[in-house]
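Engineer: structure for the following, please:
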Amino acid sequence: MNCKILLFSGSYLEVKYPHMFWTPCAAHCINLMLKDIGKLPIVKMTLSRAMEVTGYIYSHGWVLNLMRQKTGKRELLRPAVTRFATSFLTLSSLHTQKVKLRKMFISTQWKESRWAKEQKGKAVEKIVGMNSFWNNVAYVLKLTAPLVRVLRLVDSEKKPAMGYIYEAVDRAKEAIMAAFE
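Structural biologist: This is a model prediction of the structure:
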């Protein structure tokens, strides 16, 4: 894992320069963990499909307006400080809007639109209708949500995270273990 390399490098620096004190950046380490998790086949496939859905919706004005209408003007894209957290926050938004998105793609408005007849529109409609996609979304969120919460905590500028980072990481590990028994 990339974080291990970072820790090794820090330890090396402490040995070479004993007067220096080194600590790894918690936000960077958690971001690297999310990056590695994103490489797992099921996670990679789920994120790819989620990006296909959001990319399609946000690149077609009419479809975007329909989505906003059906979701009560809620957005799917959720920017974050780090690129990898953004992917998982967007996945969480998709999961929150699951029922409304499914209704959108079976609505008369969608079915009668020209977008529903296009190959990409049909592909996105199929993804949104797949139970396996939504099951994988829930699985990925169980795996990553605790880490994303810690990342948001340590990346906050409101107060220094050093005093509670270890407890937060322990709670995240316990939450992930409990989610998967």
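
Engineer: hang on, residue 149 packs against residue 172?
Structural biologist: Yes. Using C-beta atoms under 8 Å, residue 149 is in contact with residue 172, at 6.9 Å. For the C-beta atoms, the positions are set from N, CA and C on the backbone; glycine is no exception.

Engineer: all helices for the protein, in order.
Structural biologist: Counting by DSSP state H, the segments of the chain that form helices are 2-16, 26-37, 41-58, 61-70, 83-96, 98-106, 108-111, 119-129, 131-154, 165-179.

Engineer: what would these look like in TSV with distance to residue 77?
Structural biologist: Formatted as TSV, the helices of the chain follow (distance: least, C-beta to C-beta, whole Å):
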stretch	distance to residue 77
helix 2-16	26
helix 26-37	17
helix 41-58	6
helix 61-70	11
helix 83-96	6
helix 98-106	14
helix 108-111	20
helix 119-129	15
helix 131-154	15
helix 165-179	24
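
Engineer: what sits against the residue nearest to residue 176 when sequence neighbours are not counted?
Structural biologist: Nearest non-adjacent residue to residue 176, counting by C-beta to C-beta, 6 or more residues apart in numbering: residue 146, 5.4 Å away. Residue 146 is in contact with 171, 172, 173, 175, 176, 179, counting by C-beta atoms under 8 Å, 6 or more residues apart in numbering.

Engineer: show me which of these are buried.
Structural biologist: Buried members of the contacts of residue 146, counted by 16 or more other C-beta atoms under 10 Å: 172, 175.
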